[in-house]
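1. pasting a predicted model and its sequence here:
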Amino acid sequence: MVNESIKAAVKNLNFYYGSVHALKNVNMEILEKHVTALIGPSGCGKTTFLRCFNRMHDLYPHNRYSGEIVLFPENENIISPEVDPIEVRMRISMVFQKPNPFPKSIYENIAYGLRIRGINKKGILDEKVEKSLRGAAIWDEAKDRLHGLAFDLSGGQQQRLCIARALATDPEIVLFDEPTSALDPIATSKIEELIVELKKEVTILIVTHNMQQAARISDRTGFMMLGELIEYGHTEKLFTAPSEKLTEDYITGRFG
Amino acid sequence: MKDLKKRIALNKYRNNVFAIVGLLSTLVGFFLLTALMIDLFRDGADRLSYKFLTSFPSRFPEEAGILSAWVGSFLLLLVTACAAIPIGVAAGIYLEEYAKKNWLTDIIEINIVNLAGVPSIVYGLLALGMFVQVLKLGESVLTGGLTLALLILPMVIMATREAVRAIPTVIREASYATGATKWQTVRWHIVPYSTGGILTGVIIGLSRAIGETAPIITVGALTFIAFLPTSPISSEFPFISFKWLMDPFTVMPIQMFSWVSRPQQAFQLNAAAAGIVLMVMTLLMNGIAIYIRYQYRKKIKW
């Protein structure tokens, strides 16, 4: 890789759900236009970690951050209380575990993110909707039914629609929270191909339950356990020659 | 083996006993309603005519009609809906989406649930004190409509909350994750997706309001009115008049009550006929509620 500039740096990140200490001193650098994967057993804090990046935790009471997530090139700590979570979410978008399209038309699902930014011109919306649907490799399946309900799509198509929705607003980072855990193998492989394609344009952070998936699509992988980042490095190295005993035990299936 | 068969026979016997008890209980409700309808129709069907709907009440039972009563009921419901829907929906959404969960909101919640169980005459007394005596709104359509609005407000709030609560968290999160504010989420998602449930609650509330008598009598509805409120459309600029809001009124159940309390048998028939009209109005509203719910269920499945 020629271009290895850092998009975000996590420094001493701690996170608490009330009195539960869910993330412990996490440090990590996320490379621009790379795929960074997080693996680890259930409840290890990988989703909690992901949701720090778009301040989703701010929606619920008794949640607390400490440390920094610095976004470059602005050098801005996005978990600082002075930074508006809405501004963060406008720059970093998210794809959820289960496909969650709005019960609206395919077109309106994509246009929503633009509408709340005050973009209402039909010409611009049309163009952006097409571009996002193409970007998420669902244009051919959706182009004849743009005004049909998103619920009428299959599960895999719905998830690609959700990816298109996340792309429509030209985000700097897209967060994926186990995006294929509710999908069948064929739909899964389409999404995986898509993610590899997307990293040409955007920085990707993905949480996955599936180690093979992380090995297939990511450039860097982090292994988390009990709220700590145990090991982080090149995906190939982490899966072939992990430096930590815990990582090795996990990826060889001794626990998890 | 024999024991087992005996056991199964006994279990089945008990099962059948309840099936029969349940069936009988269901039939009680069904037959009572049917008997009520048949009785009303037998008494009142002959009096039902176009003239009955378009005549004012009169000393002569054959000439008496329910024009002022149904117009009064209609205008009252209009005021009720205009007051109860925006306030109830806004309060319900606020409680679900905005309010922090603490002891204060807990108390408000308990209060709202209890308000739904307050006898309607108590609302009448409250309205008499507040709208008639303090705010000096008079014994008017406005007072009556606002009184009924108070009565159904808890129902609208609860229907709204339930409909809002049925929207999955992942949909809210999807909206927030695109950078939406709370209001944008409410305006684009919460309100549209809960409209079916809210409207159902509103219409059920209104169909209860249309049959209410006690609070309306308390705030001073008249029992004998041989004129209509001022028309809302006037011939002069600005063509819309709100004078009707301050006019005196009567409503269907009061008209019925006044006829029932007369000694002449013929007036009893009038009351039955008015009862049919009221019943049809209520059933029609409930039918609309069911239809709306069905339409929305078809479009939105979580």
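-> The structure has been received and is ready for your questions.

2. output the below-cut-off pLDDT ranges for the chain.
-> Defaulting to chain A. A:1-3, A:256 (pLDDT under 70).

3. not quite, I wanted chain B
-> B:223, B:232-237, B:239, B:241, B:302.

4. give me the domain ranges for it.
-> As given by automatic domain parsing, the domain ranges for chain B are B:2-47, B:50-299.

5. make JSON lines out of those and add distance to chain A.
-> For glycine as for every other residue, the C-beta is placed from the backbone atoms N, C-alpha and C. Formatted as JSON lines, the domains of chain B follow (distance: least, Cβ to the nearest Cβ, whole Å):
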{"stretch": "domain B:2-47", "distance to chain A": "36"}
{"stretch": "domain B:50-299", "distance to chain A": "4"}
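
6. just name the most buried of those domains.
-> Sort the domains of chain B by mean neighbour count, taking mean count of other Cβ atoms under 10 Å in any protein chain shown, and domain B:50-299 sits at the top with a mean of 18.

7. B:P57 is in contact with B:A226, isn't it?
-> Yes - the pair formed by B:P57 and B:A226 meets the contact definition of Cβ atoms under 8 Å, at 6.4 Å.

8. what's the overlap in contacts for those two?
-> Common contacts of B:P57 and B:A226, defined by Cβ atoms under 8 Å, 6 or more residues apart in numbering or on different chains, comprise B:S68.

9. circling back to that earlier point, may I see the domains of chain B arranged in JSON lines, with distance to A:I204 as well?
-> Converted to JSON lines, these look like this (distance: least, Cβ to Cβ, whole Å):
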{"stretch": "domain B:2-47", "distance to A:I204": "58"}
{"stretch": "domain B:50-299", "distance to A:I204": "15"}
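
10. list just the one of the ones you listed that sits closest to A:K24.
-> domain B:50-299 (24.9 Å; Cβ to Cβ).

11. can you pull the contacts of A:D177?
-> A:47, A:50-51, A:94-97, A:207.

12. can we see that at 6 Å?
-> A:47, A:50, A:96-97, A:207 (Cβ atoms under 6 Å, 6 or more residues apart in numbering or on different chains).

13. for the closest residue to chain A within the stretch 201-302 of chain B, give me phi and psi.
-> Among all residues of the stretch 201-302 of chain B, B:I300 sits closest to chain A, at 4.4 Å; criterion: Cβ to the nearest Cβ. For B:I300, the backbone dihedrals are phi -120, psi 120 (criterion: degrees, to the nearest 10).

14. count of residues packed around the residue lying closest to A:S66 once chain neighbours are set aside?
-> Among residues not flanking A:S66 along the chain, A:N14 sits closest, at 4.6 Å (Cβ to Cβ, 6 or more residues apart in numbering or on different chains). Counted with other Cβ atoms under 10 Å in any protein chain shown, the neighbours of A:N14 add up to 15.

15. next: A:K131.
-> 16.

16. phi, psi of it?
-> Dihedral angles for A:K131 - degrees, to the nearest 10 - are phi -60, psi -40.

17. before we move on, what about A:K24?
-> phi -120, psi 110.

18. which ones are touching it?
-> A:227-228.

19. and the residue nearest the centre of chain A, what does it touch?
-> The structure's chain A has its C-alpha centroid closest to A:L175; by Cα atoms, centre = their mean the separation is 1.4 Å. The neighbourhood of A:L175, defined by Cβ under 6 Å, 6+ apart, consists of A:50, A:53, A:94, A:205.

20. list just the nearest of those residues to B:Q265.
-> A:M94 (73.7 Å).

21. that closest one in helix, strand or coil?
-> strand (DSSP: H, G, I helix; E, B strand; the rest coil).

22. and for A:S42?
-> A:S42 - assigned by three-state DSSP - is coil.

23. list the contacts of A:I206.
-> Applying Cβ under 6 Å, 6+ apart, the residues contacting A:I206 are A:37, A:176.

24. equivalent analysis for A:I30, please.
-> A:7-8, A:36.

25. most neighbours among those, which one is it?
-> Using other Cβ under 10 Å as the neighbour test, the contacts of A:I30 are led by A:T36, with 25 neighbours.

26. SS state for that one?
-> strand.

27. tell me if I'm right that it and A:G222 touch.
-> No - A:T36 is beyond contact range of A:G222, at 7.1 Å (criterion: Cβ atoms under 6 Å).

28. for the residue of chain A found nearest chain B, helix, strand, or coil?
-> Nearest residue of chain A to chain B: A:M90, at 3.7 Å (Cβ to the nearest Cβ). Using three-state DSSP, the structure places A:M90 in helix.

29. so who does the closest residue to it other than its chain neighbours touch?
-> Spatially, and ignoring its direct neighbours in sequence, A:M90 is nearest to B:G179 (3.7 Å; Cβ to Cβ, 6+ apart). By Cβ under 6 Å, 6+ apart, the residues touching B:G179 are A:86, A:89-90.

30. let's see it at 8 Å
-> A:86-87, A:89-90, A:113, A:116-117, A:169.

31. likewise B:K101?
-> A:P61.

32. name the element it belongs to?
-> Remark: B:K101 resides in no helix or strand, with elements defined by DSSP states H and E.

33. still on that earlier bit, quick check: the residue nearest to the centre of chain A is in a helix.
-> No - under three-state DSSP, A:L175 falls outside any helix and is assigned strand.

34. which residues does it form beta bridges with?
-> A:M94, A:L205 (DSSP bridges).

35. can you give me the helices in chain A?
-> Along chain A, the stretches classed as helices by DSSP state H are A:46-52, A:85-91, A:106-115, A:122-135, A:139-142, A:155-167, A:185-198, A:211-217, A:235-240, A:245-251.

36. the stretch 101-250 of chain B too?
-> Along the stretch 101-250 of chain B, counting by DSSP state H, counting those that start in this stretch, helices occupy B:103-115, B:120-127, B:141-165, B:169-177, B:182-185, B:191-209, B:214-218.

37. for A:T247, find the nearest of the ones you listed.
-> By Cβ to Cβ (comparing all of these), the closest turns out to be helix B:169-177, at 30.5 Å.

38. so what's B:M155 up against?
-> B:88, B:116, B:201, B:204-205, B:208.

39. could you give the number of residues near the nearest residue to A:D249 once chain neighbours are set aside?
-> Distance criterion Cβ to Cβ, 6+ apart; nearest residue to A:D249, sequence neighbours excluded, is A:F255 at 5.9 Å. The number of residues packed near A:F255 is 9, by other Cβ under 10 Å.

40. and the gap between A:E193 and A:A168?
-> 20 Å (Cβ to Cβ, to the nearest Å).

41. so between these two, which is more surrounded?
-> Taking neighbours as other Cβ under 10 Å, A:E193 and A:A168 compare with A:A168 leading, 26 against 13.

42. contact partners for the residue lying closest to that one once chain neighbours are set aside?
-> The shortest distance from A:A168 to any non-neighbouring residue, by Cβ to Cβ, 6+ apart, is to A:S132 (4.1 Å). A:S132 makes contact with A:110, A:164-165, A:167-168 under the criterion Cβ under 8 Å, 6+ apart.

43. change it to 7 Å
-> A:110, A:164, A:167-168 (Cβ atoms under 7 Å, 6 or more residues apart in numbering or on different chains).

44. most neighbours, which of the residues you listed?
-> Neighbour-wise, these (other Cβ under 10 Å) top out at A:I110, 31 neighbours.

45. what does the stretch 1-150 of chain A put close to chain B?
-> A:54, A:56, A:59, A:61, A:86, A:89-90, A:93-94, A:96, A:98, A:100, A:102-103, A:112-113, A:116 (Cβ under 7 Å from any Cβ of the partner chain).

46. 10 Å - rerun?
-> A:51, A:54-56, A:58-61, A:84-104, A:108-109, A:112-117, A:149 (Cβ under 10 Å from any Cβ of the partner chain).
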